[in-house]
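Undergrad: coords please:
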Amino acid sequence: MSRFFKLIINIVVLAALLFISQQVWAQNWRPVRGGIPFGISGMALVGQQRNSLDFLIVHDNKQKNQGRLAIIRIKGKNQPEYFPLNWQNNIELPIDLEALTSIPGKINSSFIALSSSGKAYYIRLERSKQVISLIKEFNLPEIPQGSNFEAFALQNIEGKLVAVWAHRGEGEQPAIIYWGMLDLATYQIIPVGSANLKVPFPSGNIRHISDLKVDPAGIIYITSASDPGNDGPFQSGVYVAGYLGFRGNKIAWRQNPQLFPLYRCDYHKIEAIELVPGAEGGAIVATDDENLGSYVYILGGSS
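TA: Now for the predicted structure:
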């Protein structure tokens, strides 16, 4: 069976599941915190137990007195709990964090956060101390002038550590998906390719990619959002953008030729997505609703 045929099957199955979940969970957006400083711009799973999920989240704050990272806990049908984290002392705070990914094999402790300018932060979570420690700063490779990055993800694909990141695009300007290979020993990303992408929904004040994640099969899920201002109204969509797979020793991109929203949302600006495996999991999305704060939503989950 070809990878593209597998991709189509995945799209059909996921679309059916999300349609069902939308009916069941239509009113189940859960508020996290109110106000602009608590918008969620990236998230990564840090703990999974029966009926309980913990996520590390990033805020796109710029001021010294504003938080950068926190943990949220979603337990049963309760409202999420919020636990702020401290940035390591004597280290300059990051500015405008827009994406977060776990590192395969180190899911509960090590992560990479990315700023809109393309600066990456390899960080370690010390939950017992409620502290984030910085291991290394490095930059994305070959950053074009005018880039505004909102997505970064890592995944092991056929035994190789693949990095995927994206310039968000805006209006008629398409998003740009980039991919390459990450060497964690040297903190170097070797770029391999890029592709333009525009989504059909939302249609106004569109950011074509507001976040992305990659599953172990190489399928890339993206979120898109409209942002007309701090008071909205917002709209968002979730898509399967395509997949990455190896042809020989080279990783290749196959874009979904007919993009359609697997999930669409009015009133919220989705800027973060995470994929949670298992019977209690699903696709989890979170919002940066500006003056309206942040919300989370479980697509297909049982919580």
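Undergrad: in the top strand by length along the chain, what counts as buried?
TA: In terms of residue count, the longest strand belonging to the chain (DSSP state E) is strand 235-247. Under the neighbour-count criterion of 16 or more other CB atoms under 10 Å, strand 235-247 has 235-245 buried. The C-beta positions use only the backbone N, C-alpha and C, and glycine is treated the same way.
Undergrad: what's the answer for stretch 185-197, then?
TA: 189, 192, 194-195, 197.
Undergrad: which residues of the stretch 101-250 of the chain score low on pLDDT?
TA: Residues of the stretch 101-250 of the chain meeting the criterion pLDDT under 70: 107.
Undergrad: which stretches of it form strands?
TA: For the stretch 101-250 of the chain, applying DSSP state E, counting those that start in this stretch gives strands covering 110-115, 119-126, 131-139, 149-157, 160-167, 175-183, 188-197, 206-214, 219-226, 235-247, 250-255.
Undergrad: Serialize the ones you listed to CSV and add fields for distance to residue 298.
TA: Listed next are the strands of the stretch 101-250 of the chain as CSV, based on distance: least, CB to CB, whole Å:
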stretch, distance to residue 298
strand 110-115, 21
strand 119-126, 22
strand 131-139, 25
strand 149-157, 19
strand 160-167, 23
strand 175-183, 25
strand 188-197, 26
strand 206-214, 15
strand 219-226, 14
strand 235-247, 12
strand 250-255, 27
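Undergrad: Would you mind telling me which of the ones you listed is nearest residue 62?
TA: With CB to CB as the criterion, residue 62 lies closest to strand 110-115 of these, at 10.0 Å.
Undergrad: which residues touch the closest one?
TA: Applying CB atoms under 8 Å, 6 or more residues apart in numbering, the set of residues contacting strand 110-115 from outside is 42, 44, 56, 58, 69, 94-103, 120-125, 135, 140, 149, 151-152, 154, 165.
Undergrad: let's go with 7 Å and repeat that
TA: With CB atoms under 7 Å, 6 or more residues apart in numbering as the contact definition, strand 110-115 has outside contacts at 42, 44, 56, 58, 94-103, 120-125, 149, 152, 154, 165.
Undergrad: Parallel or antiparallel, list what pairs with it.
TA: strand 97-102 (antiparallel), strand 119-126 (antiparallel) (DSSP bridges).
Undergrad: Please work out which of these is packed deepest.
TA: Highest mean neighbour count among the strands paired with strand 110-115 (mean count of other CB atoms under 10 Å): strand 97-102, with a mean of 26.
Undergrad: what about stretch 239-253, start to end distance?
TA: Terminal residues of stretch 239-253 lie 16 Å apart, using CA to CA, to the nearest Å.
Undergrad: which residues touch it?
TA: Contacts for stretch 239-253 (CB under 7 Å, 6+ apart): 3, 7, 11, 157-158, 162, 177, 179, 192-193, 195, 197, 199, 214, 217-222, 224, 254-256, 259, 261-262.
Undergrad: Now the buried members of those.
TA: Buried, going by 16+ other CB under 10 Å: 3, 7, 11, 157, 162, 177, 179, 192, 195, 197, 199, 214, 218-222, 224, 254, 256, 259, 261-262, out of the contacts of stretch 239-253.
Undergrad: nearest to residue 291, of the strands of the stretch 101-250 of the chain?
TA: Of all the strands of the stretch 101-250 of the chain, strand 219-226 comes closest under CB to CB, at 15.4 Å.
Undergrad: Alpha carbons only: can I get that closest one in PDB?
TA: Extracted as PDB, the C-alpha positions of strand 219-226 are listed here (Å, rounded to 0.1, in the frame of the first residue of the first chain):
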ATOM      1  CA  ILE A 219       1.700  12.900   8.700                       C
ATOM      2  CA  ILE A 220       1.700  16.700   9.400                       C
ATOM      3  CA  TYR A 221      -1.300  18.300  11.200                       C
ATOM      4  CA  ILE A 222      -1.600  22.000  11.000                       C
ATOM      5  CA  THR A 223      -3.800  24.700  12.600                       C
ATOM      6  CA  SER A 224      -4.900  27.900  10.900                       C
ATOM      7  CA  ALA A 225      -6.400  31.000  12.400                       C
ATOM      8  CA  SER A 226      -7.900  34.400  11.600                       C
END
